[in-house]
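Enquirer: Here is the input, now give the coordinates:
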Amino acid sequence: MAAHDPHKRADALARSLTDLLTPVVADAGLRLEGVETTRAGRYSVVRVFVDLADGPGDLDLDALGPVTAAVSQALDEADPVKGQYTLEVSTPGAERELSTLRHFRRAVGHSARVRTADEELTGVVTGADPDNDADDANEGNGGGMVRIEVDGVERGIALEDITEARMVVAGL
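Expert: Now for the predicted structure:
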């Protein structure tokens, strides 16, 4: 890619914003899931996705207010985005991608669609545990077992065997 490629600049900006905002979001008791930036002419949109640190539970709108204020203040002070921009702070959504043990722990009690090389399962996530010899901090890099109940039967799937997974809204 050329040095003036807007996609390369957007990726660099997203990485810079991630570095800036990770501790800000952590100070609010949440976890930074990701940052996206898009540009339309002179204006930009900065999307910041936050979630609870771990385990089951829901993040409500009342919790988004303080973290939005903290993120806005950090962006105002550091001024990393050129020109005018709109800040959006939200959760990853009801049909979020699941790719780490933490994501699956957050999904316990919720419906999910899980694909492996051999099959596709839809059921309720019942657990996600690291392997005995796996470091929980490195959970996204291989080891662990995800449990999902399908038609009343609990199935265990190794995290490394999952090719794609997403929460699904039941009834849709």
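Enquirer: List the residues that contact Glu88.
Expert: 45-48 (C-beta atoms under 8 Å, 6 or more residues apart in numbering). The C-beta positions use only the backbone N, C-alpha and C, and glycine is treated the same way.
Enquirer: Format those residues as TSV; extra columns: distance to Ser90.
Expert: Shown next, in TSV, are those (distance: C-beta to C-beta, whole Å):
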residue	distance to Ser90
Val45	12
Val46	12
Arg47	7
Val48	8
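Enquirer: Can you go through those and name the buried ones?
Expert: Using 16 or more other C-beta atoms under 10 Å as the burial test, the contacts of Glu88 include 46-48 as buried.
Enquirer: Which ones among these map onto strands?
Expert: Here DSSP state E is the test, and those give 46-48 as lying in strands.
Enquirer: any idea which residue sits dead centre in the protein?
Expert: Glu33 (3.7 Å; C-alpha atoms, centre = their mean).
Enquirer: What strands line up against the helix or strand harbouring that residue, and which way round?
Expert: Per DSSP states H and E, Glu33 falls inside strand 30-40. Sheet pairing of strand 30-40 (DSSP bridges) gives strand 43-52 (antiparallel).
Enquirer: Done for today, thanks.
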